[in-house]
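Colleague: Test case, fold it:
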Amino acid sequence: MSTDLKLGLNLGYWQRDADDATELVQAAERLGYESVWTAEAYGSDAFTPLAWYGARTSRIKLGTSVVQISARTPAATAMTAMTLDHLTGGRLLLGIGASGPQVVEGWYGRPFPKPLARTREYVEIMRKVWRREEPVTSDGEHYPLPYPGGANLGKPLKLITHPLRGEIPLYLGAEGPKNVALAAEIADGWLPLFVFPEKIERMYGPSLAGAGPDFDIAAMVMTLITDDVRAALDGVKMMLTLYIGGMGAKSRNFHADIIGRMGYAEAAEEIQALYLAGRRDEAFNAIPDELADGISLVGPVGRIRERLELWRKSPVSNLLVMGPRDEASLRTIRDLVLG
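Modeller: Numbers count the residues shown, from 1 in each chain. Next up, the predicted model:
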């Protein structure tokens, strides 16, 4: 149970020149938000916007939610993370994730199988890089170092630059129970995309059993302050329509799977079938209001205050709010969450 919640701002993907959230990030820093997070899929990367915002702030922590492990070798991610952490005075929170087969194989041209083994190996190598105790080697199946073959001239190397921190906080973006258990075992935190606070212990209790006392469950939560609850719920449903219906293959959609584990398996199957058939309005209408409401914080201040109690009673320790785009909204959410 997390009666004292931490608070962060999740900006999602950077899309275009006009999507410069510097003023919003600076406002979040002034208001006491602990962190700001950016994401990547197959558009903008996650690190570059954080470097931009990090150069314009001084205290707020900078999180990736998440960088995709197939996009970079573990050494490349470790180098980028070390550099950004150094330049921002030790403010980086590194969230990584395996993504899904459509992106991994269709965009990065890498094999998707064995994502848990790949993630474990990836993390081990990054930590060896940061600790800088000896030249980095790995006899793993997925990222062997030195590379066995090629010119046969590979040499174990040690990071030239001394890291500011030998241990950068590491989070895993995970949805399946085995992946969540891996996060609890090897990471400092977990970045769940959809959380139904009343159901998280039933869904993931055994997976989280190996987590330490400081393990941070940083949940991404759509948060909208408005008197028009109907419009706010429809906004959440639009997001769910895309993720359940189109963010994954018909035979393997991790987002649809998690909705199923929440108790909405039939709805998830119907939503995906309608979406893939091009009947997107019907897919939208098939999303239960109860589901959209359960994973979000929307409505008037009093309604959000009441629903926040469900999050305080859950294992979630950190709310990464998505949706607020002005300082007044950030202030109101700050007051509600942090008191």
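Colleague: Can you show me the strands along the stretch 151-300 of the chain?
Modeller: 170-173, 189-191, 216-225, 296-299 (DSSP state E, counting those that start in this stretch).
Colleague: So for Pro113, which of those sits nearest?
Modeller: Closest to Pro113 of the strands of the stretch 151-300 of the chain is strand 170-173 (C-beta to C-beta; 18.1 Å). Where C-beta positions appear, they are placed from N, C-alpha and C, glycine not excepted.
Colleague: Mind listing the strands the closest one pairs with, and their directions?
Modeller: strand 92-97 (parallel), strand 189-191 (parallel) (DSSP bridges).
Colleague: what pLDDT, on average, does the shortest one get?
Modeller: The reference is to strand 189-191. For strand 189-191, mean pLDDT is 98.
Colleague: just stretch 149-168 next, same as before
Modeller: For stretch 149-168, the mean per-residue pLDDT is 96.
Colleague: Buried residues in that stretch, which are they?
Modeller: Within stretch 149-168, the residues that count as buried by 16 or more other C-beta atoms under 10 Å are 159, 163-164, 168.
Colleague: what's the spacing between that stretch and its chain's center?
Modeller: In terms of C-alpha atoms, centre = their mean, to the nearest Å, the centre of stretch 149-168 is found 27 Å from the chain centre.
Colleague: Kindly check the end-to-end length of that stretch for me.
Modeller: Taking C-alpha to C-alpha, to the nearest Å, the first and last residues of stretch 149-168 lie 32 Å apart.
Colleague: could I get the buried residues of stretch 149-168 as a markdown table with distance to Asp234?
Modeller: Below are the buried residues of stretch 149-168 laid out as a markdown table (distance: C-beta to C-beta, whole Å):
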| residue | distance to Asp234 |
| --- | --- |
| Leu159 | 49 |
| Pro163 | 46 |
| Leu164 | 45 |
| Ile168 | 39 |
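Colleague: rewinding a little: which of the strands of the stretch 151-300 of the chain sits most buried?
Modeller: Ranked by mean neighbour count, these are led by strand 189-191 with a mean of 26 (mean count of other C-beta atoms under 10 Å).
Colleague: circling back: please convert the strands of the stretch 151-300 of the chain to JSON lines, extending it with distance to Asp20.
Modeller: Below are the strands of the stretch 151-300 of the chain laid out as JSON lines (distance: least, C-beta to C-beta, whole Å):
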{"stretch": "strand 170-173", "distance to Asp20": "25"}
{"stretch": "strand 189-191", "distance to Asp20": "24"}
{"stretch": "strand 216-225", "distance to Asp20": "21"}
{"stretch": "strand 296-299", "distance to Asp20": "26"}
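Colleague: closest to Val136 out of these?
Modeller: strand 170-173 (16.7 Å).
Colleague: I'd like to know how far Ala286 sits from Gly260.
Modeller: Ala286 sits 14 Å away from Gly260, going by C-beta to C-beta, to the nearest Å.
Colleague: try Trp52
Modeller: The gap separating Trp52 from Gly260 is 38 Å, by C-beta to C-beta.
Colleague: what's the answer for Phe47, then?
Modeller: In this view, Phe47 and Gly260 are 33 Å apart by C-beta to C-beta.
Colleague: Where does the prediction get shaky in the chain?
Modeller: Residues of the chain meeting the criterion pLDDT under 70: 1-3, 248-251.
Colleague: ok, residues contacting the helix or strand hosting Leu330?
Modeller: Taking DSSP states H and E as the definition, one finds Leu330 inside helix 327-338. Outside of helix 327-338, the residues within contact range by C-beta atoms under 8 Å, 6 or more residues apart in numbering are 5, 7, 9, 23-24, 27-28, 31-33, 223, 225, 301, 304-305, 308, 319, 321, 324.
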